[in-house]
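>>> show me how the following folds:
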Amino acid sequence: MNIAPTFTSALADFDELILKQGGELSRRLQKHRLDSFPPDAKKTLRAFQLSEAASYLGISSGHLKNLSLEGKGPQPAVTSTGRRSYTAAQMLEMRHWLDRNGRSDVKKYVPHRRGTEHLQIIAVVNFKGGSGKTTTAAHLGQHLALTGHRVLAIDLDPQASLSALHGFQPEVDQDESLYEALRYDGQRKPLSVLIKATNLPGLDIVPAALELQEFEYDTPLILAEKGTRDLGRVFFTRLDSALAEVQDRYDVVVLDCPPQLGYLTLTALSSATAVLITVHPQMLDVMSMCQFLLMLGEILNPIKRGGGNMNLDWFRYLVTRFEPGDGPQAQMVDFMRVIFGGFVLKNEMLKSTAISDAGITKQTLYEVERSQLTRSTYDRAMESLHSVNGEITSLVHQAWGRT
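Residues are numbered from 1 along each chain as shown. Predicted coordinates:
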């Protein structure tokens, strides 16, 4: 029979108790991971039906089916009933085939940046948990990859939720994080050695780990030691320097920031070319965002003076977990649109059990088979995702000067 400890003994042994419970939880999680996924297992990805593939490629289903029937481009799998499906790798191959064999000399199926088009670095931020920040970052990165962009996702949250969605678990995998490329001692590593491939072609990730929290402790000590003269070189441009090594490999970087306005978030904002602020349209969340904006505004000026980049191509507010039938939420969205105007994305991300159900199995909606969920719910959520991420993709292309 287990006997609960007294208040005195529990508080006195709190450090040992937490370490013991953390160690036990880590052991159980590792056992669960090994039972579910053998050590050599990797996260897989479903095939995409012909209509889905055509949508991501930007062509009609009829055109893609005709190419298949004519034996042009990579050949899809065909069921006994004639249903065709393409893997993500085949979709990428087809994209390049269309560029080589299309009627126009202008590349339009492979959207890689070219010429003077600069790397887009999108920081997804909010210092209140539950705003849909990680869900937004995960789906945005995957949508960009599925539409042909070369994407690097960087998980800056020590809780590593974005990493877990992509099949990486810091308590099991012992992966190194971005901290290794930002640290202030002589053990700093190039970013390239920290990058991991995901199950989606065109999407890489730098997973998170608890060691990221060390950056929050190290930075004030270094700033106190160095003074304000070298703020830019010491702190604000640190992520810029890390990204410089790999920037030619990517079109877009998606930064999933921690839910706090700490040094990791400030570093991300200093390097960002775009900022996406997620907000749940309820009064407490909007009040929290108000405080976030006031604090952020007070901090950004000294960052800019200290050498931070802060040359944004765009920033937007994204309404997340929106329930159109909820009167107060609809009023709050209207309120935000009156105040912020065009800075609020035209499309809201709807609250959906399809997305939360997919998350239970550490998947995004793009990874889940339609047949696994209620179809109407799946279709509604997918339409919302396509609208939001399509609008953000348009902002990226506009920043490059494309129509």
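
>>> which residue ranges form the helices in the stretch 1-150 of the chain?
Using DSSP state H, counting those that start in this stretch, the helices of the stretch 1-150 of the chain run over 7-12, 14-36, 50-57, 61-69, 88-101, 133-146.

>>> identify whichever of those helices lies nearest to D251.
Checking those against D251 by C-beta to C-beta gives helix 133-146 as the closest, at 7.7 Å. No exception for glycine: its C-beta is placed from N, CA and C like everyone else's.

>>> following the chain onward from the closest one, which element is next?
strand 151-155 (DSSP states H and E).

>>> that next one: how far from the chain's middle?
Put simply, strand 151-155 sits 6 Å off its chain's centre (C-alpha atoms, centre = their mean, to the nearest Å).

>>> likewise stretch 108-127?
Here stretch 108-127 is found 13 Å from its chain centre; the criterion is C-alpha atoms, centre = their mean.

>>> just name the most buried of the helices of the stretch 1-150 of the chain.
Highest mean neighbour count among the helices of the stretch 1-150 of the chain (mean count of other C-beta atoms under 10 Å): helix 133-146, with a mean of 26.

>>> who does it touch, helix- and strand-wise?
Here helix 133-146 touches strand 120-125, strand 151-155, helix 161-165, strand 203-206, strand 252-256, strand 274-279, helix 375-399, going by 3 or more C-beta pairs under 8 Å, 6 or more residues apart in numbering; DSSP states H and E.

>>> what angle sits between the longest one and helix 50-57?
Yep, that's helix 375-399 we're talking about. Between the axes of helix 375-399 and helix 50-57, defined by axes from the mean of the first three to the mean of the last three C-alpha atoms, to 10 degrees, the angle is 20 degrees.

>>> relative to S384, how far out is I355?
The spacing between I355 and S384, counted by C-beta to C-beta, to the nearest Å, is 9 Å.

>>> where does the protein have low pLDDT?
When residues are selected by pLDDT under 70, those of the chain lie in 1-15, 17-19, 22, 26, 29-42, 103-107, 171-173, 226-234, 302-310.

>>> setting aside sequence neighbours, what's the nearest residue to the residue nearest to the spatial centre of it?
Compute the mean C-alpha point of the chain, and by C-alpha atoms, centre = their mean the closest residue is A137, 2.6 Å away. Leaving aside its sequence neighbours, A137 sits nearest to D256 (C-beta to C-beta, 6 or more residues apart in numbering; 4.0 Å).

>>> count of neighbours near the one you found?
29 (other C-beta atoms under 10 Å).

>>> got the contact list for it?
With contact taken as C-beta atoms under 8 Å, 6 or more residues apart in numbering, D256 is in contact with 124, 133-134, 137-138, 153-157, 161-162.

>>> likewise for L119?
With contact taken as C-beta under 8 Å, 6+ apart, L119 is in contact with 113, 243, 247, 250-253, 273.

>>> about what we covered before: of I355 and S384, which one has the most company?
I355 (26 against 21).

>>> ok, the more buried one to L98 distance?
Computed as C-beta to C-beta, the I355 to L98 distance reads 31 Å.

>>> with P76 instead?
Counting by C-beta to C-beta, the gap from P76 to L98 is 15 Å.

>>> excluding its backbone neighbours, what's nearest T198?
Leaving aside its chain neighbours, T198 sits nearest to H166 (4.9 Å; criterion: C-beta to C-beta, 6+ apart).

>>> any idea how many residues pack against the one you found?
26.

>>> so it touches I154, yeah?
No - using C-beta atoms under 8 Å, H166 is not in contact with I154, being 11.6 Å away.

>>> please identify every residue contacting each of the two.
Shared contacts of H166 and I154 (C-beta under 8 Å, 6+ apart): I205.

>>> quick one, phi psi at the residue lying closest to T374 once chain neighbours are set aside?
Nearest in space to T374, with sequence neighbours left out and distances taken as C-beta to C-beta, 6+ apart, is A354 at 7.3 Å. According to degrees, to the nearest 10, the main-chain angles of A354 amount to phi -60, psi -40.

>>> A354: neighbour count?
Applying other C-beta under 10 Å, we find 24 residues neighbouring A354.

>>> that one and A381, how far apart?
4 Å.

>>> now do Q213
The spacing between Q213 and A381, counted by C-beta to C-beta, is 33 Å.

>>> more crowded one of these two?
Neighbours were counted for Q213 and for A381 using other C-beta under 10 Å; A381 has more, 24 against 17.

>>> verify the stated contact: the residue nearest to the centre of the chain with V124.
Yes - using C-beta under 8 Å, A137 and V124 qualify as a contacting pair, with a distance of 4.4 Å.

>>> now for these two: what residues contact both?
With C-beta under 8 Å, 6+ apart as the test, A137 and V124 both reach 254-256.
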